[in-house]
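Engineer: structure for this input, please:
(4 chains)
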Protein chains: 2
Amino acid sequence: MMVEGLTERQREVLTIIARLMEQGKRPPTVREVARTLSITVRGAYDHIRSLERKGYIDIRRGSARGIEILKPPFSIISTSGQGIPLPILGQIPAGDPLLSEEYWIDTISLDRSIVPDGAAFMLEVTGDSMIGDHIVDGDLVLVRPNPQPPEGTIVVAVIDDEATVKRLGRVEGRPALVPSNPAFSPIPLDEEVREIRIVGEVVGLIRRRLRR
Amino acid sequence: MMVEGLTERQREVLTIIARLMEQGKRPPTVREVARTLSITVRGAYDHIRSLERKGYIDIRRGSARGIEILKPPFSIISTSGQGIPLPILGQIPAGDPLLSEEYWIDTISLDRSIVPDGAAFMLEVTGDSMIGDHIVDGDLVLVRPNPQPPEGTIVVAVIDDEATVKRLGRVEGRPALVPSNPAFSPIPLDEEVREIRIVGEVVGLIRRRLRR
DNA sequence: TGATATACTCAACATTAGTTGAGTATAATA
DNA sequence: TATTATACTCAACTAATGTTGAGTATATCA
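Structural biologist: Residues are numbered from 1 along each chain as shown, chains lettered A, B, ... in the order given. Here you go, the predicted model:
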């Protein structure tokens, strides 16, 4: 089951399948996919087999609604539905493509009701620099992308290719990324010593295990 | 769509459906349900219609795998699969039936990977008595039922019909429920003034919105 | 005690849905 | 340039699945 790249159309089909899956709370039939794409059943079936051949889905042969998505397309992220799949970003690139698949280390599907509006990805917190705001090492924070959040917001910033969570504030009147743990120092934003990029605001949190 | 009570058998069937749903990542067919119950297709179909009549499931007529669970039975909780539906308990009864549906205020489906083993329900935290452990007002804690957790564990206890989160510890050598906020006082466990019942241990946490 | 709900069996029917054969047109590849 | 992959159409077959009729036995309810 080699995993090859998809054509544009194939990615489109995969996205449609994922969306139908969320909307209907079950895998779509070949005919439902065909109808959505406005093509024939056979056309849709061919696509589905291509996606299977390339390892993106699994087909339970001879079984109604037998499609199982193995590698979800990232376009599901912004879609509405019941479960919202959010990628966990390992590294955040200093450059442009924030939601590029290559930086995903995992994807977790969360119930609509716990995902704040606009949240697009998650990030694992390293260190206790925000412990004053009760965000501790190992927590997963939910992030809403926003390069210009209001002052006072807890944000995710990328400094020299490393992601960090801090509060956007001021120190002696100058804008800075302020930790809420006194053991850490604020990072001024006006002196352009390092490349700093604000990625978004923290809008939620998940703690998978408690520390003793 | 009146919601009536289920018979024992009907609850059993609902549980089977829910389990098949998780295992197969899609709703089961009538025949799959029948096979699992070792009864005929018609027998299973009758059950399914009863469950629909009583408002526990919805049947998308004429559609393969058309069952949608509206009110999941709590037995799904401990099952493996992809999404794990966890009820949020509003009140916790001082009496016996901990996971009785009447106390559910909501159900949220969480990805397997963020639900620690054995977690069975969630509880919204009121107050900041555990702020020293970075659990704040409004947080949802995931609870693994366990009436005898080891000392040092953060537990959910019911005191006079009210649920509270505290750490199981000792004060002056005597067992007590200890808050991690100095503004609150420990609650001794040995003097039986009030009825105290330890329900389980806190194994995870979800924060849906951050406070400024 | 008759009516209704539960919990089934057996058999059959109708529709849905998976799957295949044959063929067209275009673009990419060896 | 022949071959293969992509992206489809049309038509048809078969298997899977939903659905119904008729009937049995037991328990509950009015």
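Engineer: what's the burial count for A:Ile159?
Structural biologist: A:Ile159 is surrounded by 16 other residues when neighbours are defined as other CB atoms under 10 Å in any protein chain shown. In this view, the C-beta of every residue, glycine as well, is placed from N, C-alpha and C.
Engineer: which residues does A:Val178 bridge with?
Structural biologist: A:Arg167 (DSSP bridges).
Engineer: would you confirm that it contacts A:Thr164?
Structural biologist: No. Taking contacts as CB atoms under 8 Å, A:Val178 lies outside contact range of A:Thr164: 11.5 Å.
Engineer: higher neighbour count, the two?
Structural biologist: Just comparing A:Val178 and A:Thr164: by other CB under 10 Å the higher neighbour count belongs to A:Thr164, 23 against 20.
Engineer: distance check, the more buried one against B:Arg170.
Structural biologist: When distance is defined by CB to CB, to the nearest Å, A:Thr164 is 38 Å away from B:Arg170.
Engineer: where's the residue lying closest to A:Ile57 once chain neighbours are set aside, which helix or strand?
Structural biologist: Distances taken as CB to CB, 6 or more residues apart in numbering or on different chains place A:Leu51 nearest to A:Ile57, at 4.7 Å, with adjacent residues excluded. A:Leu51 is part of helix A:41-53 when elements are defined by DSSP states H and E.
Engineer: mind saving the C-alpha coords of that helix as CSV?
Structural biologist: Coordinates of each C-alpha in helix A:41-53 appear next as CSV, following Å, rounded to 0.1, in the frame of the first residue of the first chain:
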residue,chain,number,x,y,z
VAL,A,41,-21.3,6.3,-10.3
ARG,A,42,-18.5,4.6,-12.2
GLY,A,43,-16.5,7.8,-12.3
ALA,A,44,-16.8,8.2,-8.6
TYR,A,45,-15.9,4.5,-8.1
ASP,A,46,-12.8,4.9,-10.1
HIS,A,47,-11.7,7.8,-8.0
ILE,A,48,-12.4,5.9,-4.8
ARG,A,49,-10.3,3.0,-6.1
SER,A,50,-7.5,5.3,-7.0
LEU,A,51,-7.6,6.8,-3.5
GLU,A,52,-7.4,3.3,-2.1
ARG,A,53,-4.5,2.3,-4.3
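Engineer: mean confidence for it?
Structural biologist: What helix A:41-53 shows for mean pLDDT is 94.
Engineer: can you check stretch A:124-135 too?
Structural biologist: 91.
Engineer: list the contacts of it.
Structural biologist: Here stretch A:124-135 makes contact (CB atoms under 8 Å, 6 or more residues apart in numbering or on different chains) with A:88, A:136-141, A:154, A:164-167, A:179-184, A:202, A:205, B:131, B:134-136, B:210.
Engineer: are any of these buried, and which?
Structural biologist: A:88, A:136, A:139-141, A:154, A:164-167, A:179-180, A:184, A:202, A:205, B:131, B:134-136, B:210 (16 or more other CB atoms under 10 Å in any protein chain shown).
Engineer: buried residues, the helix holding A:Leu51. List them.
Structural biologist: A:44-45, A:47-48, A:50-52.
Engineer: from the contact counts, what lies against the helix or strand following it?
Structural biologist: Sequence order places strand A:57-59 as the next helix or strand after helix A:41-53, per DSSP H and E. Judged by 3 or more CB pairs under 8 Å, 6 or more residues apart in numbering or on different chains; DSSP states H and E, strand A:57-59 is in contact with helix A:41-53, strand A:67-69.
Engineer: direction included, what does the shortest one pair up with?
Structural biologist: For strand A:67-69, the pairing partners within the sheet under DSSP bridges are strand A:57-59 (antiparallel).
Engineer: picking up where we left off before, and the helix holding A:Leu51 with DNA strand D, contact?
Structural biologist: Yes. In this structure, helix A:41-53 sits against DNA strand D according to CB under 7 Å from any atom of the strand; the contacting residues are A:41-43, A:46-47, A:50.
Engineer: next one: the longest strand seen in chain A to chain centre, how far?
Structural biologist: In terms of residue count, the longest strand belonging to chain A (DSSP state E) is strand A:196-207. The gap between where strand A:196-207 is centred and where its chain is centred comes out at 12 Å by CA atoms, centre = their mean, to the nearest Å.
Engineer: can you list the low-confidence ranges for chain A?
Structural biologist: Low-confidence segments of chain A, defined by pLDDT under 70, span residues A:1-4, A:74-85, A:90-107, A:112, A:161, A:192-193, A:212.
Engineer: quick one: furthest residue from the center of it?
Structural biologist: With CA atoms, centre = their mean as the measure, chain A has its most outlying C-alpha, relative to the mean C-alpha position, at A:Glu172: 35.3 Å.
Engineer: re the thing from before, pretty sure the residue nearest to A:Ile57 contacts A:Thr15?
Structural biologist: No. Assessed by CB under 8 Å, A:Leu51 is found out of contact with A:Thr15, at 10.9 Å.
Engineer: if we can go back for a sec, and the longest strand of chain A, is it in reach of chain B?
Structural biologist: Yes. Strand A:196-207 comes into contact with chain B when judged by CB under 8 Å from any CB of the partner chain, the residues involved being A:202-207.
Engineer: quick one on the thing from earlier: which ones among the contacts of stretch A:124-135 map onto strands?
Structural biologist: When strands are assigned by DSSP E, the members of the contacts of stretch A:124-135 inside them are A:88, A:140-141, A:154, A:164-167, A:202, A:205.
Engineer: same list (those residues) but as JSON lines, adding distance to B:Leu70.
Structural biologist: Converted to JSON lines, those look like this (distance: CB to CB, whole Å):
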{"residue": "A:Ile88", "distance to B:Leu70": "31"}
{"residue": "A:Leu140", "distance to B:Leu70": "30"}
{"residue": "A:Val141", "distance to B:Leu70": "33"}
{"residue": "A:Ile154", "distance to B:Leu70": "37"}
{"residue": "A:Thr164", "distance to B:Leu70": "43"}
{"residue": "A:Val165", "distance to B:Leu70": "39"}
{"residue": "A:Lys166", "distance to B:Leu70": "43"}
{"residue": "A:Arg167", "distance to B:Leu70": "42"}
{"residue": "A:Val202", "distance to B:Leu70": "34"}
{"residue": "A:Leu205", "distance to B:Leu70": "30"}
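Engineer: now for these: which two are most distant?
Structural biologist: A:Ile88 and A:Arg167 (22.1 Å; CB to CB).
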